[in-house]
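Enquirer: Below is the sequence, then the predicted model.
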Amino acid sequence: MSVVLMAVGGLVLLSVALVSVPRSWWGVLASGWPVLATVVVGVAVLVAGVLLWRRDGVKHEVSAAPVPPDRQVRPLRSWVISVGVVLVGTVTCAAVAWLQGSVPAVGDGVQRAQLRVESIRTGLTIGAAVTAAFALLLAFRRQQLAERTQQAAEYDAGEKRVTELYVKAADQLGADKAPVRLAGLYALERLAQDNPTHRQSIVEVICAYLRMPYTPSDDQPTPISAAQPLAGGLAPATPTAATGEVDKPAVEPREEHQVRLAAQRILARHLRPITPEGEPHPLYWGPKVTLDLTEAVLIDLDLTGCRLHNATFTKTHFTGVAGFVGATFSGAAGFGAATFSGTAGFGGVTFSGDVEFGAATFTEAGFVGATFSGSSWFGAATFSGDVEFGAATFTGEAVFVEATFSGGSYFVGATFSGDVEFGGATFSGDAWFDRATFSGDARFGGATFTGDARFDEATLSGDAYFEGATFSGDVEFGEATFGSAAGFVGATFSGDASFDRATFGSAAVFSGATFGSAARFGGATFTGVAGFGGATFSGGANFDKATLDGARYDGPESVAE
C-alpha cells in the first residue's frame with residue numbers, strides 16, 4: 001500500500017510540475033519529446049533505486065541461512081488501477097487544455113492549426129509519460145512481490161534444511177557409540193555458527209544433554225570377572241549405564257566422559273567474547289545466550305573469561321576443577337545447592353546481577369578479586385576446603401547465614417558496600433578479615449569461630465553485631481575501626497582477645513561477654529559508652545593507654561583502672 005501511495009503522490013507532483021512549466025519551454029519540449037520521456041523514466045528509475053537501496057541497507061547479522069521476508073506485502077486493491085487510469089486521463093486532459101489555451105493568436109489559420117496539433121501531441125506525450133511512470137511503479141511493485149516470493153521460498157527451504165539437520169544431530173546424541181554422539185555435537189555447533197537465530201535452542205539442547213544422568217568415571221578398568229562366562233558358557237548381559245536394560249550394550253563411562261568434555265568445550269568456545277590477544281572473538285555467540293545446567297554433572301569445567309547471562313547451576317555437581325576466572329555474569333547467577341568436589345576458581349569474576357549460592361558445597365573455592373554488583377547469597381553453603389575472597393567486592397547485600405567454612409576462610413581486603421550477614425556461620429579453620437571494609441551493618445551474631453579470627457585494621461562503618469558469637473581461638477581486632485555500635489553481648493572468647501588500638505566511634509557493648517584468656521584493649525579509643533557490665537575476665541584485662549575521654553564506662557572498677 002505504501003508503494004501505491006508513493007506512486008499517486010509522485011504522479012500528482014509530476015502533474016503540478018508539468019502545469020507550472022513556462023510557455024516558452026513548450027516549444028522545446030514539443031520538438032524534443034523523446035528527451036522528456038527519457039527524463040521521466042530516469043527519474044522513476046532513480047526513485048525505485050533509492051527505495052531498493054534503503055530496503056537492502058538494513059543490516060542483518062551474517063548468516064548462511066536465508067532470512068525471512070522483512071515485511072508483508074498486501075494485495076493491490078482493485079480501485080488503484082481505476083484511480084490510476086482516471087489520474088492519467090485527468091493529467092492528459094489538463095495538459096492538452098492548458099496547451100490549447102496557450103496557443104498564440106498570431107499567424108494565419110494554418111499556422112494556428114499546426115500549433116494546436118502540436119499542443120495536442122505534446123499533451124498526449126505528457127499523458128504517455130505519466131502512464132509510463134505509473135506502469136513503471138507497478139512493475140517495481142511486481143518485482144518486489146517476485147523477490148519476496150523467492151525470498152520466502154528460500155527461507156522455507158532453508159528452515160526445512162536446518163530442521164532436518166537439527167533433528168538428525170539430535171538423534172545422533174542418543175546413539176550408543178561415542179563417535180556418533182560427538183559427530184552430533186559438532187554438527188549442532190556448526191549449525192548454530194551458521195544460523196544465529198537458532199543458537200539459543202541449540203545451546204539448550206547441549207545443556208539438556210549435560211543434564212542427563214551420569215556417573216563420572218573412576219578411570220578403572222572393568223574387572224575381568226565381570227566379563228567371564230557363566231558355568232553354562234553364556235556371558236552375562238551387561239546392563240546399560242543409563243537405563244539398566246540388558247538388551248542394549250552399555251555406554252562406556254570413559255567414552256561418555258570425553259563426549260561431555262567436548263560438549264563443555266563447545267559451550268565455552270562460543271561464550272568468550274575476547275581472544276587471548278585481546279581481539280573480538282569471531283566465534284562468540286552473543287551476550288544473551290543463557291545456560292541452564294540444573295543438576296548437570298560437569299567435569300573440569302573451564303569457563304575462564306566467558307560472558308554468562310542468566311546462568312543457572314542449581315544443584316549442579318562440579319567434578320574436578322571448576323574454572324570461572326575472569327568470567328562475567330550478567331543477570332541472575334544461580335549456584336544454589338551446587339556441589340564443587342574439586343577446586344572452584346572464581347578469581348576476578350564479575351557478578352552484575354543477583355547471585356545465589358545457597359546450600360552450595362565447596363571443597364576448595366577461590367573468589368579472589370571477584371565483584372558482586374548485586375545481592376549475593378551464600379546461605380547454608382558448605383566450604384570443605386579453603387575459600388578465598390581476598391579483595392572481593394560485594395556491592396549489594398552479602399548473605400552467609402549458617403554457612404560452614406571447614407577450612408580457612410580468607411576475606412583479606414574484601415569490600416562489603418551493603419549489609420553483611422554471617423549469623424550462625426561456622427568457621428572451623430582460621431577466619432581472616434584483615435583490612436576488610438564493611439560499609440553497611442556487619443552481623444556475626446551466633447557465629448562460631450573454631451580457629452583464629454582476625455579483623456586487624458578492618459573498618460566497620462555500620463553497626464557490628466557479634467552477640468552470642470563463640471571465639472575458640474585467638475581473636476584479633478587490632479587497629480580495627482568501629483564507626484557505629486559494636487555489640488559483643490554474650491560473646492565467648494576462649495583464646496586471647498586483642499582490641500589493641502581499636503577505635504570505637506559509638507557504643508562498645510561487651511555486657512555478659514566471657515573472656516577465658518587475656519583481654520587486651522591497650523591504646524583503644526572509646527568515644528561512646530564502654531559497656532562491660534556482667535563481663536567475665538578469667539585471664540585478666542589490659543586497658544593500658546586506652547582512651548575513655550568523653551565516654552562512659554560501665555563495668556568492673558578494677559578493670560577500668
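Expert: Okay, I see it.

Enquirer: Show the low-confidence segments of the chain, by residue range.
Expert: 1-45, 47-75, 105-107, 217-251, 549-561 (pLDDT under 70).

Enquirer: now the helices for it?
Expert: Counting by DSSP state H, the chain has these helices, from start to end: 2-19, 23-31, 33-56, 78-101, 109-173, 178-194, 199-210, 224-227, 253-269, 557-560.

Enquirer: Serialize the ones you listed to JSON lines and add fields for distance to residue 412 and mean neighbour count.
Expert: For every residue, glycine as well, the C-beta is placed using N, CA and C. Listed next are the helices of the chain as JSON lines, based on distance: least, CB to CB, whole Å; neighbours: other CB atoms under 10 Å:
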{"stretch": "helix 2-19", "distance to residue 412": "66", "mean neighbour count": "15"}
{"stretch": "helix 23-31", "distance to residue 412": "89", "mean neighbour count": "13"}
{"stretch": "helix 33-56", "distance to residue 412": "59", "mean neighbour count": "13"}
{"stretch": "helix 78-101", "distance to residue 412": "78", "mean neighbour count": "15"}
{"stretch": "helix 109-173", "distance to residue 412": "46", "mean neighbour count": "16"}
{"stretch": "helix 178-194", "distance to residue 412": "42", "mean neighbour count": "18"}
{"stretch": "helix 199-210", "distance to residue 412": "36", "mean neighbour count": "19"}
{"stretch": "helix 224-227", "distance to residue 412": "52", "mean neighbour count": "8"}
{"stretch": "helix 253-269", "distance to residue 412": "30", "mean neighbour count": "18"}
{"stretch": "helix 557-560", "distance to residue 412": "32", "mean neighbour count": "12"}
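
Enquirer: To residue 362, which of those lies closest?
Expert: Taking CB to CB, helix 253-269 is the member of the helices of the chain nearest to residue 362, at 19.5 Å.

Enquirer: just checking, what packs against that closest one?
Expert: Applying 3 or more CB pairs under 8 Å, 6 or more residues apart in numbering; DSSP states H and E, we find helix 253-269 packed against helix 178-194, helix 199-210, strand 297-299.

Enquirer: Can you say which of those is nearest to residue 112?
Expert: Nearest of the helices and strands packed on helix 253-269 (CB to CB): helix 178-194, 74.0 Å.

Enquirer: isn't residue 302 right next to residue 267, touching?
Expert: No. Applying CB atoms under 8 Å, one finds residue 302 not in contact with residue 267, separated by 10.1 Å.

Enquirer: what do the two both touch?
Expert: Common contacts of residue 302 and residue 267 (CB atoms under 8 Å, 6 or more residues apart in numbering): none found.

Enquirer: returning to what we had before: out of the helices of the chain, which gets nearest to residue 402?
Expert: helix 199-210 (30.1 Å).

Enquirer: what sits against the residue nearest the centre of the chain?
Expert: In the chain, the residue lying closest to the centroid (CA atoms, centre = their mean) is residue 309, at 2.4 Å. By CB under 8 Å, 6+ apart, the contact set of residue 309 is 287-290, 329-331.

Enquirer: looking at those residues, which has the most residues close by?
Expert: Neighbour counts for the contacts of residue 309, by other CB atoms under 10 Å, peak at residue 329, which reaches 28 neighbours.

Enquirer: ok, now which ones touch that one?
Expert: Counted by CB under 8 Å, 6+ apart, residue 329 has contacts 308-309, 311, 349-353, 355.
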